[in-house]
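Peer 1: Structure for this input, please:
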Amino acid sequence: MRCVIARFPFDLIKTEVQDAMKGITPEPIAGESVLIGRRHYPVKQVGEIITGQDRRDFTAGEVTRALGRLGFECRPAEALAPPASLTPLEAASARLGNPPRA
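Peer 2: Next up is the predicted model:
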C-alpha cells in the first residue's frame, strides 16, 4: 500500500512491517499505540523503524492512518485519569509529607 509519511512516499506491506518489528523491544507507551503480533508498540517507534526517519519528522497520526489501512489495530492515547479528590485532612497531610492515616 502506498502512503505518505512526512511528505515522503512509502510502499508498505503488512508482512514487511511485522518482519521489521521482530526482535524489537517495545518502548513504554505514552501516546498512540499499535498492536503488532502480540506486542503493543508506540506508533512513533514503529514509524521510525519502518521509514528510517527521525520520529520528530512525522506525526503519530500519519503513522496511525498508514498502519490502520494495513489492517493493524491502533489504539488512541490513553486519557489521563483525573486525580482522586482528597479530603482536607489528606491534602494537608500530603503537603506535610506524611501519609494520611487510615
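
Peer 1: Find the least confident helix or strand in the protein, judged by mean pLDDT.
Peer 2: Using mean pLDDT, DSSP states H and E, the weakest-scoring helix or strand in the chain turns out to be helix 88-96, at a mean of 80.

Peer 1: tell me which residues of the longest helix belonging to the chain are tucked away?
Peer 2: The helix that spans the most residues within the chain, counting by DSSP state H, is helix 60-70. For helix 60-70, the neighbour count (16 or more other CB atoms under 10 Å) marks 60, 62-67, 70 as buried. Glycine gets a C-beta too; all of them are placed from N, C-alpha and C.

Peer 1: Mind listing what's buried along stretch 24-37?
Peer 2: Neighbour counts over stretch 24-37 (16+ other CB under 10 Å) mark 29, 32-34, 36 as buried.

Peer 1: what sits up against that stretch?
Peer 2: Stretch 24-37 is contacted from outside by 17-18, 21-22, 39-46, 49, 60-61, 63-64, 67, 72-78, using CB atoms under 8 Å, 6 or more residues apart in numbering.

Peer 1: can you give me the end-to-end distance of that stretch?
Peer 2: Stretch 24-37 has an end-to-end distance of 12 Å (CA to CA, to the nearest Å).

Peer 1: shaky segments in the protein?
Peer 2: Residue ranges of the chain with pLDDT under 70: 79-84, 98-102.

Peer 1: Helices along that one, start to end?
Peer 2: For the chain, applying DSSP H gives helices covering 14-21, 43-51, 60-70, 88-96.

Peer 1: Hmm, Gly47 and Phe8 touching each other?
Peer 2: No - Phe8 lies out of contact with Gly47 (CB atoms under 8 Å); the separation is 11.4 Å.
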